[in-house]
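Student: can you look at this prediction? I've put the sequence above it.
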Amino acid sequence: MKKVISTERLPIKMWLDDLEENAVAQAKNLANLPFAFKHIPIMPDSHMGYGMPIGSILATQGVVVPNAVGVDIGCGMCAQKTSLRDIGKSELKRVLAYARTLIPLGFNSHENMQEESLMPKNYKDLTIVNSGYNKAREQIGTLGGGNHFIEVQKGSDGYIWIMIHSGSRNLGYKVAKHYNDAAIKLNEKHYSIVTKNKQLAFLPLDTQLAKDYLAEMDYCIKFAYANRKLMMQRMMGALQKVKGNFKTDAIINKSHNFAAWENHFNANVLVHRKGATSAFEGELGMIPGSQGTKSYIVKGLGNKDSFNSCSHGAGRKLGRKQAQKTLDLAEEIRILDSQNIVHSIRNKTDLDEATNAYKDINIVMENQKDLAKIMVELKPLAVLKG
């Protein structure tokens, strides 16, 4: 931990030296919520989000805050180790070319609904999920856009890995929006001090709305994992087409937009993680950098002050539009080409995902040495982006 802000109702515990002014204001809003518990942890990759900083944790008593989970419910990462030890650049290009025929990228979906057996069960009693179920069957196994990626990596353990970052696509967005809108109306009706401008509307846990949200959130988390798992299977199929048969270890999967019941400081609380992952003692996870820097397989250290959490990545240094306006395209391409990475930077519009749009992953990892232990370093070899 780097510093503590003690001016608000609850302390704000920070694992970074500098946090933009707007994100600090959001953290203070969290710390002053009447239902917030103990303190507010801010991870080393944190930056301004919608309602609360990306890379922060909110533990609550008696309420759930849909916007503290976010619009991409269940967004997260998975990683899988192969028995392969090497792959050439020409082979990587063939793998990516074949993967593009199997995995729709960006806003694209499959032309047809995928097999129902791939979907999580028990959706019919979930109003919003049920209404979006068929569309979700077209979107399972698709990457989405923004900072979502599929990356082929070489591990410090000598093996080739694949890592995927994606979420619940349109399904999670629809659920998040419906229940956040409902929470806003409920709070306004009862003259809550949590006003609309704070973007932190809540649902009391004893209401049917809260029960419904938690059930639909849980489905979206399962769907997001099913989405990543299907992409991983198809990515492995693309790799196998080029390299032949190989073995794989079990998938490591971690969500970083979710709420879960946990016990902290002798109290059962609802822990909302928005752009943060759980890091219980001994728990495996992953922390990616940018497409030009290393990622990491980590093991949690169970730090109580972070509510057993760690960062979910490097964290943005520049907003998307800011990166597109200020970064030098030729320089960002040079950074990636100099490392022989098969990358996705082609135009100015791609600069929102350039290396220098993100914080220095080395500093981020140094700042959370008390949260997670590095097990494997992963060097990027090839990247697919939406």
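Tutor: Received it, and whenever you're ready, just let me know what you need. Numbering: from 1, shown residues only.
Student: for residue 343, which non-adjacent residue is closest in space?
Tutor: Counting by Cβ to Cβ, 6 or more residues apart in numbering, residue 336 is the residue found nearest to residue 343 once chain neighbours are left out, at 4.2 Å. C-betas here are computed from N, CA, C, even on glycine.
Student: what lies in contact with whatever helix or strand the one you found lives in?
Tutor: Assessed by DSSP states H and E, residue 336 sits inside helix 329-337. By Cβ atoms under 8 Å, 6 or more residues apart in numbering, the list of residues contacting helix 329-337 from outside reads 291, 292, 343, 345, 347, 348, 351, 354, 355, 356.
Student: and the helix or strand following it, average pLDDT?
Tutor: Going down the chain from helix 329-337, the next helix or strand is helix 361-367, by DSSP H and E. What helix 361-367 shows for mean pLDDT is 97.
Student: shaky segments in the stretch 151-300 of the chain?
Tutor: Of all residues in the stretch 151-300 of the chain, none has pLDDT under 70.
Student: ok, which stretches of it are strands?
Tutor: Applying DSSP state E, counting those that start in this stretch to the stretch 151-300 of the chain gives strands spanning 160-166, 203-204, 252-255, 257-264, 267-274, 276-278, 284-287, 295-300.
Student: ditto for the stretch 1-150 of the chain
Tutor: 3-5, 12-14, 40-47, 54-60, 63-64, 76-81, 149-155.
Student: who are the packing partners of the third one?
Tutor: Identification of packing neighbours for strand 40-47 by 3 or more Cβ pairs under 8 Å, 6 or more residues apart in numbering; DSSP states H and E yields strand 12-14, helix 21-31, strand 54-60, strand 309-311, helix 361-367.
Student: contacting residues for residue 132?
Tutor: 170, 171, 174.
Student: picking up where we left off before, tell me how many other residues surround the residue nearest to residue 343.
Tutor: Residue 336: 20 surrounding residues under other Cβ atoms under 10 Å.
Student: show the contacting residues for residue 110.
Tutor: 104, 138, 139, 140, 141, 142 are the contacts of residue 110 under Cβ under 8 Å, 6+ apart.
Student: just want the most central residue of this structure.
Tutor: For the chain, the residue nearest the mean C-alpha position is residue 76 (3.8 Å; Cα atoms, centre = their mean).
Student: distance check, residue 104 against residue 225.
Tutor: Distance from residue 104 to residue 225, counting by Cβ to Cβ, to the nearest Å: 18 Å.
Student: returning to that earlier point: out of the strands of the stretch 1-150 of the chain, nearest to residue 89?
Tutor: strand 149-155 (10.8 Å; Cβ to Cβ).
Student: and the residue lying closest to residue 146 once chain neighbours are set aside, how far from residue 35?
Tutor: Distance criterion Cβ to Cβ, 6+ apart; nearest residue to residue 146, sequence neighbours excluded, is residue 386 at 6.7 Å. From residue 386 over to residue 35 the distance is 36 Å, taken as Cβ to Cβ.
Student: with residue 171 instead?
Tutor: According to Cβ to Cβ, residue 171 and residue 35 sit 28 Å apart.
Student: higher neighbour count, those two?
Tutor: When residue 171 and residue 35 are compared for neighbours, residue 171 comes out ahead with 29 against 18, by other Cβ under 10 Å.
Student: residue contacts, the nearest residue to the more buried one once chain neighbours are set aside?
Tutor: Closest residue to residue 171 apart from its sequence neighbours, by Cβ to Cβ, 6+ apart: residue 136 at 4.5 Å. By Cβ under 8 Å, 6+ apart, residue 136 lies in contact with 119, 129, 169, 170, 171, 223.
Student: disregarding residues adjacent in the polypeptide, which is nearest to residue 302?
Tutor: The nearest residue in space to residue 302 (Cβ to Cβ, 6+ apart) is residue 281, at 3.1 Å.
Student: mind listing what's buried along stretch 62-77?
Tutor: Within stretch 62-77, the residues that qualify as buried are 63-77, counting by 16 or more other Cβ atoms under 10 Å.
Student: quick one: buried ones out of the contacts of residue 136?
Tutor: 119, 129, 169, 171, 223.
Student: contacts only, for the third one.
Tutor: Put plainly, it is residue 169. With Cβ under 8 Å, 6+ apart, residue 169 has these contacts: 136, 139, 142, 144, 227.
Student: mind doing that once more with 6 Å?
Tutor: 139, 144 (Cβ atoms under 6 Å, 6 or more residues apart in numbering).
Student: nice, that's everything, thank you.
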